[in-house]
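J.: just a sequence and a predicted model for now, questions to come.
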Amino acid sequence: MKKVLITGITGQDGSYLAKLLLEKGYKVYGTFRRTSTPNFWRLQSLGIYSKVHLIPADLLDMGSMIESVKVSDPDEIYNLAAASFVSSAFEQPVGNAEITGLAVTKLLETLRFLNPNLKFYQASTSEMFGNVNSSFQSEKTPFNPASPYAASKLYAHWITNIYREAYGMFATTGILFNHESPMRGLEFVSRKITNGVAEISLGLKDELVLGNLHSKRDWGYAPEYMEAIYLMLQEDKPDNFVVSTGETHSVLDFVKLAFSLVGLDWKKFVKIDKRFFRPLEVNYLRGDNSKIKKKLGWKPKTTFEELVKIMIDEDVRRWKLFLDGKSFPWDAPLYPSESKIITRQSKENREASESNNYLNRSNIRKKTRKVNHSYLKKIGTDL
Ligand code: NAP
Ligand code: G4F
């Protein structure tokens, strides 16, 4: 049975990827952060919460990341964890650089030492293109990042390419354009709109406050993008791939469509607040997906109109459940029982230590002693 480690399994992509890989017969491990409010609603909603193996780890804590690799001993790692909200990277640029950028080098170093033969995926982003003068962005388009998040991701992207070339590691990147779903966080504009429109349509709210309506994005459907990244790691050689729909739409297009789907006029409800504008904006993104189509046979299936409808329908359904007195999964956060979490003390961890040759502590100790011994001999002394 193939084993996979997904960093950021609690996020939108992590949860869909976990579902996909479980369906493909993988043993799925995922890292999560211990927080005061548990964040397992996506895994619960997708019905896979009890099927994945959870390892507490934080990208800021290298020891915990090493531990997660050691315990899972994976064939493939998908590094999806990141501080992924662009606006908040302007608020916390240093933290973002450490989590989204530098931590990737630490992870690659860990793999270089522990298991340079496994397959590694890095979640790169179309944000790295920033504001460019090309109507489509491809793997060959020069990068011009326009946010601390994009700069951090670009560093991570380059370091992944460097490790591939310098050490021959299987290190692949996917340059994914925006992808959305009912599992998207509420802070991102797509879910903010569909959730807000759902509430308005049910009389729970009477306005939707947004920022810049004129930027354009290439919006795809998240589960399909997880198929694309899975295909990347089934290749014989590592590479960089753009994943996109090839279409672009403005935030205003999204708003108009969302309101029209519930039969309302957007102008009556949408307010603009400067609070939601960014110090620097990426105005236009549209990806050229010809490489992935040609090399991996992947292509997007869900249209923009279908995507917005999927999200609106699900948000309306959730709010109706709420009005009927039934809870959302995230109203009843479930913390995994301690027996489900693999910790440094747990049996599974101890077994992994014993069985992983490259990490067998007694082996390491023996080797160290041997090296010291011969070194001492060389310099004319011995114990
Ligand atoms: P997401 O929903 O925000 O999920 C991010 C994940 O990273 C969460 O599981 C989060 O854990 C985890 N995380 C954050 N900080 C961490 C830390 N310090 N240590 C360990 N884990 C941490 O993002 P997503 O939409 O699934 O995106 C997945 C990846 O693809 C990200 O790297 C993102 O930057 C990149 N990407 C996304 C898109 C897109 O359109 N969605 C496009 C291009 C690239 P918590 O649940 O505890 O917060
Ligand atoms: O939904 P957004 O916050 O996504 P953004 O900034 O494009 O980033 C997402 O996609 C990237 C891939 O290109 C990922 F790498 C990244 O991790 C993330 O998943 O904003 C989209 C657009 C922006 O132009 C923003 O200014 O919507 C505009 N917008 C207008 N009003 C708003 C709002 N964005 C948010 N979040 N909230 C608003 O009220």
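T.: Alright, I've got the coordinates. Ligands and ions are numbered 1, 2, ... in the order given.

J.: contact partners for the closest residue in space to G297 that isn't next to it in sequence?
T.: Distances taken as Cβ to Cβ, 6 or more residues apart in numbering place L231 nearest to G297, at 7.7 Å, with adjacent residues excluded. Placement of C-beta: from N, CA and C, glycine included. Residues near L231 by Cβ atoms under 8 Å, 6 or more residues apart in numbering: I292, L296, G297, W298.

J.: how much space separates L231 from ligand 1?
T.: Note on L231: its distance to ligand 1, by Cβ to the nearest ligand atom, to the nearest Å, is 16 Å.

J.: tell me the mean pLDDT over the helix or strand that residue falls within?
T.: Under the criterion of DSSP states H and E, L231 resides in helix 222-233. Mean per-residue pLDDT for helix 222-233: 98.

J.: going forward, the N-terminal residue is numbered 263.
T.: Happy to do that; since the first residue is 263 now, the last one works out to helix 484-495.

J.: how far does that helix sit from the chain's center?
T.: 12 Å (Cα atoms, centre = their mean, to the nearest Å).

J.: what about that helix, near ligand 2?
T.: No. Contact of helix 484-495 with ligand 2 (Cβ under 6 Å from any ligand atom) is absent, the minimum separation being 9.9 Å.

J.: after that helix, which helix or strand is next? Please name it.
T.: In N-to-C order, the element after helix 484-495 by DSSP H and E is strand 502-505.

J.: that next one packs against which elements?
T.: strand 432-438, helix 484-495, helix 552-558 (3 or more Cβ pairs under 8 Å, 6 or more residues apart in numbering; DSSP states H and E).

J.: tell me how far the nearest residue to F590 once chain neighbours are set aside lies from S589.
T.: Among residues not flanking F590 along the chain, R580 sits closest, at 5.6 Å (Cβ to Cβ, 6+ apart). Going from R580 to S589 by Cβ to Cβ, to the nearest Å gives 10 Å.

J.: which of the contacts of L493 tops the neighbour count?
T.: Neighbour counts for these (other Cβ atoms under 10 Å) peak at I554, which has 24 neighbours.

J.: residues contacting it?
T.: Shown in contact with I554 (Cβ under 8 Å, 6+ apart): A490, L493, F503, V504, V505, W560.

J.: greatest separation within those: which pair is it?
T.: Between any two of the contacts of I554, the greatest separation by Cβ to Cβ is 13.4 Å, found for L493 and V504.

J.: just confirm D468 is within a strand.
T.: No. Going by DSSP: H, G, I helix; E, B strand; the rest coil, the assignment for D468 is coil, not a strand.

J.: looks like it contacts F531 (just checking).
T.: Yes. Judged on Cβ atoms under 8 Å, D468 makes contact with F531 at a distance of 6.7 Å.

J.: those two: who's more crowded?
T.: Between D468 and F531, counting by other Cβ under 10 Å, F531 is the more crowded of the two (18 against 9).

J.: got the contact list for that one?
T.: Residues in contact with F531 (Cβ under 8 Å, 6+ apart) are I462, D468, E469, L470, F521.

J.: and K478, how many residues sit next to it?
T.: Around K478 there are 17 other residues, counting by other Cβ under 10 Å.

J.: my bad, should have said G473
T.: 18.

J.: repeat that for the one 10 residues further on.
T.: Around Y483 there are 21 other residues, counting by other Cβ under 10 Å.

J.: and for M263?
T.: Neighbours of M263 (other Cβ under 10 Å): 6.

J.: doesn't Y288 make contact with it?
T.: Yes. Judged on Cβ under 8 Å, M263 makes contact with Y288 at a distance of 7.1 Å.

J.: up against ligand 1, what does the stretch 263-412 of the chain have?
T.: 270, 272-276, 293, 295, 297, 301, 320-322, 342-346, 361, 385, 387.

J.: excluding covalently adjacent residues, which one is nearest to S452?
T.: S452's closest residue in space is E442 (Cβ to Cβ, 6+ apart), at 4.1 Å.

J.: may I ask which helix or strand of the protein has the lowest mean pLDDT?
T.: helix 623-640 (a mean of 40; mean pLDDT, DSSP states H and E).

J.: I'd say A280 and Y291 touch.
T.: No. Counting by Cβ under 8 Å, Y291 is not a contact partner of A280; they are 9.3 Å apart.
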